[in-house]
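Engineer: Structure here, sequence nowhere to be found:
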């Protein structure tokens, strides 16, 4: 029974049909924005009751970060907050079983500025001068540190490094966040990251690869020098369905036209066509990355994927 419950963690990717209640839904806290601490949007935090037991309090615990992905554009912040709350409630079952806390931001994805794909941490989101959509990677770090401080006041001790996972747009966010801040990540499970996992390379076949195709201008985009050394320390599990044709590369809110054309030229015109090249780039860079392609699977998560994700994360939960 425990394994069956544990498998339901993957609810973050799946339909709410499989939703299970947390041991105490009231344990889900909404933390209000705190610009003085570096985050201008709310986040949700769930801590299982089991972590409050005396034996658990003495141990260093782990936070699992799940970037929010509403799945649509909307200028109403309430829409994104309600969706984030629903998703963390569904995923609290994993926290109950694995004894991890879950943190999920409630970042907006605006309709009026649709080209800023905040939930995917795209190039526009990194470079925008609109403060309300700027640098959600740094805001997420501020949220993590705020959560750790709050929990410390309750006598908890949480690791500075987090687990992070996502699928589709939130997979893109997770993938890019790891490259930008590898020193803050313990391990990452990344599913179907928009048709192209960011390459750990500044150039390919003498063509420069700018963010988020590759790492060519990460320092310009983020203000921080890219650290391949630190990235090599982060275990990665990257997965895709062999019939997944959900390709963000072709859409203007994800990639600019010049980036789309370069990806088509160098790597292929579909996510699956690009898969082997991407896998080789990660191997050539010396990353601890496992790539897995699942036959007969579209843009979704099946039971085999769920088993693999959970097996992967179990290795890194304190």
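Structural biologist: That came through fine. Being a predicted model, the structure only gives us computed values, none of them experimental.
Engineer: Quickly list what residue 101 is bridged to.
Structural biologist: For residue 101, the beta-bridge assignment (DSSP bridges) gives partners residue 63.
Engineer: Quick one: residues contacting it.
Structural biologist: Going by C-beta atoms under 8 Å, 6 or more residues apart in numbering, residue 101 touches 45-48, 51, 61-64, 95, 147, 151, 158. The way it works is simple: take the backbone N, C-alpha and C, and place the C-beta from them, glycine included.
Engineer: so which one among the residues you listed has the lowest pLDDT?
Structural biologist: Looking at the contacts of residue 101 by pLDDT, the weakest one is residue 95, with 77.
Engineer: So which bits of the host helix or strand of it are buried?
Structural biologist: Using DSSP states H and E, the element containing residue 95 is helix 77-98. Across helix 77-98, burial judged by 16 or more other C-beta atoms under 10 Å covers 79-81, 83-85, 87-98.
Engineer: First-to-last residue distance for stretch 180-193?
Structural biologist: Across stretch 180-193, the terminal residues are separated by 16 Å (C-alpha to C-alpha, to the nearest Å).
Engineer: How about stretch 222-238?
Structural biologist: 23 Å.
Engineer: What residues of it count as buried?
Structural biologist: Buried, per 16+ other C-beta under 10 Å, within stretch 222-238: 222, 226-227, 231, 234-238.
Engineer: Can you report how many residues neighbour residue 283?
Structural biologist: Residues near residue 283, counting by other C-beta atoms under 10 Å, number 12.
Engineer: and the nearest residue to residue 267 once chain neighbours are set aside, how far is that from residue 195?
Structural biologist: Excluding its sequence neighbours, the residue lying closest to residue 267 (C-beta to C-beta, 6 or more residues apart in numbering) is residue 274, at 4.2 Å. Residue 274 sits 7 Å away from residue 195, taking C-beta to C-beta, to the nearest Å as the criterion.
Engineer: Also residue 231?
Structural biologist: 21 Å.
Engineer: And residue 214, by the same measure?
Structural biologist: 14 Å.
Engineer: Mind checking which of those two has more residues around it?
Structural biologist: Between residue 214 and residue 195, residue 195 has the larger neighbour count (other C-beta under 10 Å), namely 30 against 24.
Engineer: Let me see the contact set for the residue nearest to residue 267.
Structural biologist: 195-196, 263, 267-268.
Engineer: Surely residue 67 touches residue 175?
Structural biologist: No - using C-beta atoms under 8 Å, residue 67 makes no contact with residue 175, being 10.2 Å away.
Engineer: Pull up the overlap in contacts between those two.
Structural biologist: residue 166.
Engineer: Give me the more crowded residue out of the two.
Structural biologist: Set side by side, residue 67 and residue 175 show more neighbours around residue 67, with 28 against 25, by other C-beta under 10 Å.
Engineer: Can you give me the pLDDT of the more buried one?
Structural biologist: 97.
Engineer: part of a helix, is it?
Structural biologist: No - remark: residue 67 does not belong to a helix; assigned using DSSP: H, G, I helix; E, B strand; the rest coil, it is coil.
Engineer: Got phi/psi on it?
Structural biologist: Phi and psi for residue 67, reported as degrees, to the nearest 10, are phi -60, psi 140.
Engineer: Quick check: it vs residue 94, distance?
Structural biologist: 15 Å.
Engineer: swap in residue 108?
Structural biologist: For residue 108, the distance to residue 94 - C-beta to C-beta - is 25 Å.
Engineer: shouldn't residue 147 be in contact with residue 47?
Structural biologist: No - with contact defined as C-beta under 8 Å, residue 147 does not count as touching residue 47 (9.2 Å).
Engineer: Counting neighbours, go ahead and name the busier of those two.
Structural biologist: Between residue 147 and residue 47, counted using other C-beta under 10 Å, residue 47 has the larger neighbour count: 26 against 23.
Engineer: Could you tell me which residues make contact with that one?
Structural biologist: Here residue 47 is in contact with 27, 95, 101, 151, 156 (C-beta under 8 Å, 6+ apart).
Engineer: run the last query once more with 7 Å
Structural biologist: Contact analysis of residue 47 by C-beta atoms under 7 Å, 6 or more residues apart in numbering lists 27, 101, 151.
Engineer: Sweet, I'm off.
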